[in-house]
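A.B. asks: Mind looking at a prediction? Sequence and model below.
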Amino acid sequence: MKASISAWSYRAFFESWKMDYAAFAKEVKRLGADGFEVFPDYLDPKAPGKHLKAIARQAKRLGLGISAVIAKNDFACPTAERRLAEIENVKRWIGYTADADLAVMNSFTGWHTPGEDPFLEAARVVDAYREVMPLAEKRGVVLAIENHSTVNPDADGILAILRAVGSPNLRTNPDPTNFIADYPERPQASVDALYAMTERFAAPMANAHLKVFKYKPDGEHAYVDVKRIVGIFRKARFKGHVVLEVERDPEQAPEICAKGLALLRKYL
């Protein structure tokens, strides 16, 4: 397994124009990470595909990998017009990803709309993935669904979507703490439920996230057992990237990521 950093972790730097992807790649190298994840909002909006290619070339020169490109899709939109736009956008990004010689996109189910039938929303998600996956298979791109959105947010619900779509290129992106949204405020007995859900979700994984922001004096994660999580990923025979996401205090991303990398190295 590899220890990497999401560009989203450095959002405070990107959004204040203190950093671009060229500088971020050098920062990732300085910290000693193995690679990084691309957040599309920080690409050149006029030529995102061209910019992504340039980032991929720079990463290769620096000896870094790119774990995934984030799709930011919402396949549960209530109107057919919006869903079609989402589908076409994901197809476009599959092309950008493949053209940059990258292999994984981090994708989502979608967001629940109040008043909409959750079962119909899940069906829309399945239909949308069935539309994009033939292109993903043709271009050699894996879409890894993260347990991030509000349509089928649990492990079993997303795995049901994978089975319904039936594509070998549709896999998962476990983000363990996303299973317990308010985990920093929960009692430990409640937080422990995330390990069982992560274990079920990890079998078909193609990418992974680990949210960080606070550590114990000994350097361990303040709220979850990283050794146990890494053990779950290892049991799933995962050899890809475990990507750090700085959840809070993004202005402190360099320090938070440095500690997170040290913690991951301890167990990877």
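C.D. replies: On my side now, so go ahead. Note that the coordinates shown come from a computational prediction; the quantities given were computed from them, not determined experimentally. Residues are numbered from 1 along each chain as shown.
A.B. asks: so what's Pro184 scoring on pLDDT?
C.D. replies: pLDDT, Pro184: 89.
A.B. asks: same question, Gln188
C.D. replies: So, for Gln188, pLDDT stands at 84.
A.B. asks: Over to the one 3 residues further on?
C.D. replies: You'll see Val191 listed with a pLDDT of 86.
A.B. asks: next one: phi and psi at the nearest residue to it once chain neighbours are set aside?
C.D. replies: Once flanking residues are discounted, Val191 sits nearest to Tyr183: 5.1 Å by Cβ to Cβ, 6 or more residues apart in numbering. In this view, the C-beta of every residue, glycine as well, is placed from N, C-alpha and C. Here is the backbone geometry of Tyr183 (degrees, to the nearest 10): phi -60, psi -30.
A.B. asks: List the contacts of Tyr183.
C.D. replies: 177, 191, 194, 223-224 (Cβ atoms under 8 Å, 6 or more residues apart in numbering).
A.B. asks: Flag the shaky bits of this structure, pLDDT-wise.
C.D. replies: For the chain, no stretch is flagged by pLDDT under 70.
A.B. asks: Quick check, central residue of it?
C.D. replies: Centroid-nearest residue in the chain: Asn106, 4.7 Å away (criterion: Cα atoms, centre = their mean).
A.B. asks: What count of nearby residues applies to Val242?
C.D. replies: 24 (other Cβ atoms under 10 Å).
A.B. asks: cool, and Ala202?
C.D. replies: Ala202 has 21 nearby residues by other Cβ under 10 Å.
A.B. asks: Show the contacting residues for it.
C.D. replies: So Ala202 contacts 172, 174, 208, 232-233, 235-236, 238 (Cβ under 8 Å, 6+ apart).
A.B. asks: CA atoms only: put whichever strand or helix holds Thr172 into PDB for me.
C.D. replies: If you go by DSSP states H and E, Thr172 is part of strand 170-173. The C-alpha trace of strand 170-173 is given here as PDB (Å, rounded to 0.1, in the frame of the first residue of the first chain):
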ATOM      1  CA  LEU A 170     -17.000  -0.400 -10.800                       C
ATOM      2  CA  ARG A 171     -15.400  -0.800  -7.300                       C
ATOM      3  CA  THR A 172     -15.200   0.900  -3.900                       C
ATOM      4  CA  ASN A 173     -13.400   3.700  -2.200                       C
END
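A.B. asks: helix or strand right after that strand?
C.D. replies: Trace forward from strand 170-173 with DSSP H and E and the next one is helix 188-191.
A.B. asks: thinking again about what came up before, how about the contacts of Tyr183, which pair is most distant?
C.D. replies: Greatest spatial distance in the contacts of Tyr183: Leu194 and Tyr223, 9.9 Å, computed using Cβ to Cβ.
A.B. asks: gap between Arg228 and Met133?
C.D. replies: 32 Å (Cβ to Cβ, to the nearest Å).
A.B. asks: Locate Ala54 within the secondary structure: which element?
C.D. replies: Element membership of Ala54 [criterion: DSSP H and E] is helix 48-61.
A.B. asks: what does that helix rub up against?
C.D. replies: Contacts of helix 48-61 (Cβ under 8 Å, 6+ apart): 21-22, 25, 35-36, 38, 40, 43-44, 65-66, 69, 95-97, 99-102.
A.B. asks: Output the longest helix belonging to this structure.
C.D. replies: Determined from DSSP state H, the single longest helix within the chain is helix 118-139.
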